[in-house]
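In: How does the following fold in three dimensions:
(one chain, ligands or ions: 1)
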Amino acid sequence: MNVNGKAYRSIWLASDGWSVEVIDQTRLPHEFVAARLTSLEEAAEAIRTMVVRGAPLIGATAAYGLCLALREDPSDDSLRAAAGRLIDTRPTAVNLTWAVRRVQDAVMPLPEGQRIEAAYECAAEICDEDVRTNQAIGRHGLTLLRDHWEHRRQHDRLNILTHCNAGWLATVDWGTALAPVYLAHDHGMPVHVWVDETRPRNQGASLTAWELLQHGISHTVIVDNAGGHLMQRNLVDCCLVGTDRTTAAGDVCNKIGTYLKALAARDNNVPFYVALPGSTIDWSIGKGTAGIEIEQRDVAEVTGIAGLTARGEVERIQLGPAASPAANYAFDITPAHLVTSFITERGICPAGREGLASLYPEHAGVDVGEAR
Ligand code: MRU
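Out: The predicted structure follows:
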């Protein structure tokens, strides 16, 4: 997507042909700067500290992290250790493991001398595939938005509520939940996005808002608790969010607060759509969601907040009493029955086991049992 008129992806190979550059998302929206990753350790830390974030992008970064690790040491032992280091950085999004395993499987059978080149090829393939996948999600999602616009809209603009950031910054390009929104806008539909600020890290207020602004899409940032009120007032035509991990039964693990939006949507008959690439489906979790580890992050993200001061400097401040204990659950799970439909790269399906199985029949026969 474009930033100040120039096309960017969120991750790319540097001009030296081997190191990796990413947009430093911890600096947005106040500064647009790239960070250069030159080692396994730097790639792992970029994922852990959320310089890069969003399920598809952390998968792509981890794939390049393995390339950097292989440059340091292409042996089996090093590859296994690097894979473990990368997978441990963030536990919830399944794309991380998916991407790491894909590179591992591609290079492990090869002699050590051929591994680096093969890993880079595989990482590039993962990135290009992500872009194609998101464009396809965009095209399928556009049909839904068009239907809302032509038959079900409530005002002179189509009001879409989104949570967190599932835009191009969360992927390699286009985004998942925002891909249909970008396409709708480009097709002349007057879309307007309600952007949940998404405490504690404010991915909505700082990343989604910035993305939409760059693309000239009408939007309004709201506090996380405003969505229910807006739905009661018929000011939301549909909700559209991403996912970090979806079980084979269709339960959706996404940024904390997604579940409450889905509950409010159900109570107000507002369709709740989840955009997902096949890589975020965890086919090993069939029934029950206990197999999903919910990341708990540093409580400093809850007790403090960063922002731009009047002096033009970014500063962190303490919000409440320093002595009060806090908790920082990063994700929650929305049960499939609260989701209206999935928008995937293969089409749209009802949220649930049968729907997913109809679009991904190669996984439908797998006995996933009760993962508890
Ligand atoms: O903690 P984050 O910012 O990595 O969480 C990201 C999300 O929850 C997104 O909604 C999800 O990864 C889908 S992005 C296409």
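In: what's the closest non-adjacent residue to Val172?
Out: Leaving aside its sequence neighbours, Val172 sits nearest to Asp130 (CB to CB, 6 or more residues apart in numbering; 4.2 Å). The way it works is simple: take the backbone N, C-alpha and C, and place the C-beta from them, glycine included.
In: Repeat that for Gly228.
Out: Ala264 (3.8 Å).
In: and the host helix or strand of the one you found, how far from the chain's centre?
Out: Element membership for Ala264 (DSSP states H and E) is helix 258-267. Helix 258-267 sits 19 Å away from the centroid of its parent chain (CA atoms, centre = their mean, to the nearest Å).
In: same question, stretch 173-193
Out: 16 Å.
In: gap between the two ends of that stretch?
Out: Using CA to CA, to the nearest Å, one end of stretch 173-193 lies 19 Å from the other.
In: What about contact with the ligand: does it have any residue there?
Out: Yes - Stretch 173-193 is in contact with the ligand by CB under 6 Å from any ligand atom, via Gly175, Thr176.
In: ditto for stretch 331-346
Out: No - judged by CB under 6 Å from any ligand atom, stretch 331-346 stays clear of the ligand, getting no closer than 6.7 Å.
In: Put the alpha carbons of stretch 238-256 into CSV.
Out: Extracted C-alpha coordinates of stretch 238-256, given in CSV (Å, rounded to 0.1, in the frame of the first residue of the first chain):
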residue,chain,number,x,y,z
CYS,A,238,-21.4,-4.8,10.1
CYS,A,239,-18.3,-5.8,12.1
LEU,A,240,-15.2,-7.0,10.3
VAL,A,241,-12.2,-8.3,12.2
GLY,A,242,-9.2,-10.5,11.7
THR,A,243,-8.0,-13.6,13.7
ASP,A,244,-4.8,-14.9,15.1
ARG,A,245,-5.9,-18.5,15.3
THR,A,246,-9.2,-20.2,14.3
THR,A,247,-10.0,-23.7,15.4
ALA,A,248,-11.2,-26.4,13.0
ALA,A,249,-14.6,-25.9,14.7
GLY,A,250,-14.6,-22.2,13.8
ASP,A,251,-13.9,-20.6,17.2
VAL,A,252,-11.9,-17.4,16.7
CYS,A,253,-9.0,-16.2,18.8
ASN,A,254,-8.3,-12.6,18.2
LYS,A,255,-7.2,-9.4,20.0
ILE,A,256,-8.7,-9.0,23.5
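In: if we can go back for a sec, the residue nearest to Gly228 against Met231, yeah?
Out: Yes - the criterion here is CB atoms under 8 Å, and Ala264 meets it with Met231 at 5.3 Å.
In: what residues are shared contacts of the two?
Out: Counting by CB atoms under 8 Å, 6 or more residues apart in numbering, the residues touching both Ala264 and Met231 are Val270.
In: burial of Gln114, as a residue count?
Out: Taking other CB atoms under 10 Å as the neighbour definition, Gln114 ends up with a count of 12.
In: Okay, Gly141 and the ligand: tell me how far apart.
Out: 13 Å (CB to the nearest ligand atom, to the nearest Å).
In: Next, Trp18: secondary structure please.
Out: For Trp18, the secondary structure call by DSSP: H, G, I helix; E, B strand; the rest coil comes out as coil.
In: what's the closest non-adjacent residue to it?
Out: Closest residue in space to Trp18, ignoring its immediate chain neighbours: Arg71 at 6.8 Å, by CB to CB, 6+ apart.
In: Is the one you found inside a helix or a strand, and which specific one?
Out: helix 55-72.
In: For the ligand, tell me whether that helix is touching it.
Out: Yes - for a cut-off given as CB under 6 Å from any ligand atom, helix 55-72 has contacts with the ligand, namely Ala55, Pro56.
In: Likewise for stretch 148-168?
Out: Yes - using CB under 6 Å from any ligand atom, stretch 148-168 reaches the ligand at Cys164, Ala166.
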